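Novice: Below are the sequence and a predicted model; questions follow.
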Amino acid sequence: MSTTEAKNHAPKATPNNPDQMTGAEIIIQALIDQGVEVVFGYPGGAVLPIYDEIFKNQDKIKHVLVRQEGGALHAAEGYARSTGKVGCALVTSGPGATNAVTGLTDALLDSIPLVCITGQVPTFLVGTDAFQEADTTGITRPCTKHNYLIKDANKVADIIHEAFHVARSGRPGPVVIDIPKDVQFAKGAYKKALKPSLQTYQPKTEADRAAIEAAVALMANAKKPVFYTGGGVINAGTEASKLLRELVRETGFPITSTLMGLGAYPASDKQWLGMLGMHGTFEANLAMHDCDVMINIGARFDDRVTGRTDKFSPHSTKIHIDIDPSSINKNIHVDIPIVADAASALKMMIDVWKKHRYKADREALDKWRKQIEGWRAKNCLAYKNSDTVIKPQYALERLRDALAKDPREKYITTEVGQHQMWAAQFLPFNEPNRWMTSGGLGTMGYGLPAAVGVQMAHKDSLVVNISGDGSVQMNIQEIGTAIQYKLPVKIFILNNSWLGMVRQWQELLHGERYSETYSESLPDFVKLAEAYGGVGLRAETPDELDDVIEKMLKTDRLTIVDVCVDQRENIFPMIPSGKAHNEMILSPDADKFDKSLV
Amino acid sequence: MIQAIKKKNRNSKSVYAPNPLQQEEESHTLAIVVENEPGVLARVIGRFTGRGYNIDSLTVAETDHEENTSRITIVCSGTPAVIEQIKAQLRQIVPVKRVRDLTTFGPHIERELALIKVAGTGEKRIEALRLADVFRAQPLDSTLESFVFELTGTTEKVNAFIDLMKPLGLVDVSRTGIAAISRGSTTHDDKD
C-alpha cells in the first residue's frame, strides 16, 4: 500500500509461528499502542472478529456503542476536538460505512483527526455485490484525508500506525481503513509503530524565516492591524493558544476569530472583538474591512467569513499562515503566504518581534482602537427583551451566567442553525478545545453525539449541547448512548418550532414564503427524556428560566431542557450572502431590509 | 469581457454572490510522480472532478519498478489561480510524491503517439500512404484495403495528419495523450 510496507516486508504467516496474530488481534493491539482509550462504534457482520477482540480486551480499550454509525463519527469528533487526540470509530461494511460518510466529511472540512475502521466483505467476495458490500474506499475517497484497503494481515499493523500518523500530521483529517473480514481472521505479524520522522508522509510544518521576518516587519509598521485567527490555532495544540495570547498582548493589536477558532483567545479580554463573519460582530467585521494589515493565522477565508470576495478588506496587506498550502490563495489573494504549523509560526513571530525590539505604533493604534470602540458602541448583539416570551439570546445569557458560577470545566457543543450562532455570540470561550461545533459542513445532528464523545473524555466536566428543535432530532437516538454509559450530557434546546435559520432566510431573501420550515408535530421533549431514563425540564416564560437551568446543572444524568423561545426571533447582525463586510444588517435595520431583492 | 461581467453583476437584483471575475485561461502540463498503488489514479482524477477543474489530456504508466512509482502527465486548463489550486490540491494527496508544472518550469518536450486506421482502395489508398511518408508515419499493419499508421509528434501534428486522413477513408483513431519531459539535464527531483 505504501512504501513503508514495501520496504518492510513482514515474515509470511505460518501456523506454527507463535509471533503470528490474527488480523483482528493486530488491529486492537495497534489501537492500544496508538494510545486509543475509547472507540465509538456499532457492530455488524463484517467486523465481528474485531468485536470479539474488543470483548477480550475490555480492560485495555473502551468501546462505546452508539445508536447509529453517524453518531459514532460525531462522537469521535467531539472526543478528538476536546482532547486534541485522534478520535477512533469502528463500523461495519455497507450501510455502516455509508452512514459514516457525513461524519467523515464533517471532520475533513473542520480538520478533525479521526481514524475510522470499516469492515468489508471477505476479499473473495469483493466485487460480487455481496450482502452489505459497498465500495467503501471509492465512496470515502473524496471525504477523507486518505484511505486504505488492507488485503494482507501482515500489513495491518503498519497501515494502522501510518493512518494515525496521517490523521494527526499536517492539516489533521479523517482516515478510513477498510478491512475485509478474511483479513481479520488471517494470521500475520505485528509490528510496532515507526517513529513519526520515519513515516513517508511528511508535510511541511516549519515556517520560512524570511517570510516571518517580512510579516513581522509589516506588523510593526501597521496603523490599523487586526488578527484574524481560526481553527488552525486550536489544532496546533494548547501551546499555540498560549503563544497567540503572548503575541497579541505584545503587539496590542485587536483580534477576531472564526467560528472554529473560538477559545484560542479569551473572550473576556479587551483586545477581543468577538467572532467575525456572516453573523459576527459589527466591530469585528468592520475592523476586517478597514484594516491595513490583516494577520490570518489558521483560518481559510471561508465564504461565510469573507462575504463578497471582491469587496473583502480592500485596503489591507494580508499575511496568511496556514499548514495547508491549498488553503493559501484559494479564495482570497494574500501578500505574504506562510505555510506552517500555527504554533511554530507564532513562536517564530514572537522571537522576531522581540529580537528586533519592534514597537507597535502606539499613536496610530490608539486612533484605531477609538474607531473600533465607536463600532463596539453600536452594541450589535442588542435585542429587545420581553417579559412574557423567552428570547433565545436571553436564555443563553442566563445559561452563561449560571455556567460562570459552576466550578466544573465547561464544554459546549452545538447543532447547526440559529442557536449555533447565538451560542457563538453569547457564550464566552476563554480556553481552547471547549467549543465543539460543525463549522465547514454545517451538519445538523452533530451536537448531541459530539457531546457524548466529549463527556466520555471528560467524565467530571459539564457538557452542554446547545440545540434547536430541528437539529436535535437528527441524531436524537444518541440519547440512548448517553444513558447507557451514564453520561450526564445536558441538551439545552432553544425550541421555536421552526427550522429557524432557513425560516430567517425565507423571511429576508425569499419573500416571506415559509416553505416547509414549520415543524407541525414536535415530540414532547420532556417526556422523551423521561422515556429514555433521563431528566426532562421545560421553561415557557422568562421567569421560569433560572430555576430550570439551576435544576439542569444539578442532575446526574442526561437532561433535556426544552426552552420555548420566541418563534419570530432572527439572528443579527447578518451579512447577507454576496454582500461585503460593511453592508451588514443590524437588528434595528432588519425591518428596513429590502425584501424585494430576491 | 471583465467590464461586461461587472456590469451584469451591478444590474443583477440577486442577493447571492456575484460570479467571480473571469481571467484568461491557460493550458499547463503537469508531471506527477505517485506511489504505484491501487486507487491512486482515482485520487488524482477525483480532485479534478470534485473541484470542477478541466483535464485536456492524461497519460499514466509505471516508470520506476524498484521505487514503485508511476508518472502521470496531465494537461489541464484554467486561470492562473486555478492552476495554482490544482497543483496545491494534487500535492495534498498522500501518495503523490512530486508535482512539477513543466509549463512554468522551463523548456520541455511534449509528444503523443497515435495509431490511425485508414480503409480504402485505389487513388485514396496511394494518397494516404504518400501523406504518411510526408508525416513520417509508419505503416504498422496493411491489408489490400487498409493501413494502420503509427505517428508520433506534437498534438498539432497528429491533429493535422488525422484531418488529412478524413477524406481518404479514416475509420479509427487511438491516441495516447501527451507524455512530457523537461529539456536539458534537469530531473524531476530538481527544485522549481
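Specialist: It's in.
Novice: OK, contacts around residue 31?
Specialist: Defaulting to chain A. By CB atoms under 8 Å, 6 or more residues apart in numbering or on different chains, the contact list for residue A:31 reads A:39, A:61, A:88, A:160. To be clear about C-beta, it is placed using only N, CA and C from the backbone, and glycine gets the same treatment.
Novice: Switch to chain B, please.
Specialist: Residue B:31 makes contact with B:71, B:72, B:73, B:99, B:100, B:102, B:180, B:181, B:188, according to CB under 8 Å, 6+ apart.
Novice: mind redoing it with 6 Å?
Specialist: The contact partners of residue B:31, by CB atoms under 6 Å, 6 or more residues apart in numbering or on different chains, come to B:73, B:100, B:102.
Novice: want to throw these into CSV with pLDDT and distance to residue A:295?
Specialist: As requested, those are arranged in CSV below (pLDDT from 0 to 100; distance: CB to CB, whole Å):
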residue, pLDDT, distance to residue A:295
B:73, 97, 39
B:100, 94, 32
B:102, 95, 35
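Novice: Okay, and which of those map to strands?
Specialist: B:73, B:100 (DSSP state E).
Novice: now, which of the contacts of residue B:31 lie close to chain A?
Specialist: By CB under 6 Å from any CB of the partner chain, no member of those lies near chain A.
Novice: Next, give phi and psi for residue A:338.
Specialist: With angles defined as degrees, to the nearest 10, residue A:338 sits at phi -130, psi 120.
Novice: separation between it and residue B:44?
Specialist: Per CB to CB, to the nearest Å, residue A:338 is found 27 Å from residue B:44.
Novice: Equivalent analysis for residue A:508, please.
Specialist: 42 Å.
Novice: Compare those two and say which is more crowded by neighbours.
Specialist: residue B:44 (23 against 20; other CB atoms under 10 Å in any protein chain shown).
Novice: in a helix, that's where that one is, yeah?
Specialist: Yes - the assignment for residue B:44 is a helix, going by DSSP: H, G, I helix; E, B strand; the rest coil.
Novice: which ones are touching it?
Specialist: Counting by CB under 6 Å, 6+ apart, residue B:44 touches residue B:72.
Novice: Try it again at 10 Å.
Specialist: B:30, B:32, B:34, B:55, B:58, B:60, B:72, B:74, B:89-90, B:93, B:95-96, B:99 (CB atoms under 10 Å, 6 or more residues apart in numbering or on different chains).
Novice: cool, and residue A:574?
Specialist: Neighbour list for residue A:574: A:278-280, A:421, A:504-505, A:508, A:584-587, A:589-590, A:593 [criterion: CB under 10 Å, 6+ apart].
Novice: Report the beta-bridge partner residues of it.
Specialist: On the basis of DSSP bridges, residue A:574 is bridged to residue A:585.
Novice: rewinding a little: in helices only, show me the contacts of residue A:31.
Specialist: Cross-referencing the contacts of residue A:31 against helices under DSSP state H gives residue A:160.
Novice: now, which of the contacts of residue A:31 lie close to chain B?
Specialist: Counting by CB under 10 Å from any CB of the partner chain, nothing from the contacts of residue A:31 sits close to chain B.
Novice: Below-threshold pLDDT in the chain: ranges please.
Specialist: Reading this off chain A. For chain A, the stretches with pLDDT under 70 are A:1-18, A:594-598.
Novice: wait, I meant chain B there
Specialist: Regions of chain B meeting the criterion pLDDT under 70 cover residues B:1-22, B:188-192.
Novice: would you list every one of the helices in chain B?
Specialist: B:2-11, B:40-51, B:80-92, B:102-105, B:122-134, B:155-165.
Novice: can I get those in CSV with distance to residue A:110?
Specialist: Shown next, in CSV, are those (distance: least, CB to CB, whole Å):
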stretch, distance to residue A:110
helix B:2-11, 31
helix B:40-51, 18
helix B:80-92, 16
helix B:102-105, 33
helix B:122-134, 59
helix B:155-165, 43
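Novice: and these, which is most packed in?
Specialist: Comparing these by mean neighbour count (mean count of other CB atoms under 10 Å in any protein chain shown), helix B:80-92 ranks first with a mean of 20.
Novice: by contact count, what packs against it?
Specialist: strand B:26-35, helix B:40-51, strand B:54-64, strand B:69-78, strand B:96-101, helix B:102-105 (3 or more CB pairs under 10 Å, 6 or more residues apart in numbering or on different chains; DSSP states H and E).
Novice: Between those, which one is closest to residue A:369.
Specialist: Among those, the nearest to residue A:369 by CB to CB is helix B:40-51 (41.2 Å).
Novice: Any idea how many residues pack against the closest residue to chain B within the stretch 101-250 of chain A?
Specialist: At 4.3 Å from chain B, residue A:146 is the closest residue in the stretch 101-250 of chain A, using CB to the nearest CB. Neighbours of residue A:146 under the rule other CB under 10 Å: 22.
Novice: in stretch A:87-103, what counts as buried?
Specialist: A:87-94, A:96-103 (16 or more other CB atoms under 10 Å in any protein chain shown).
Novice: which of those sit farthest apart?
Specialist: Within the buried residues of stretch A:87-103, A:87 and A:94 form the most distant pair, 22.2 Å apart (CB to CB).
Novice: what's near enough to touch the residue nearest to the spatial centre of chain B?
Specialist: Residue closest to the average C-alpha location in chain B (CA atoms, centre = their mean): residue B:57, at 2.5 Å. For residue B:57, the contacting residues are B:27, B:29, B:73-76, B:110, B:112, B:155, B:175-180, by CB under 10 Å, 6+ apart.
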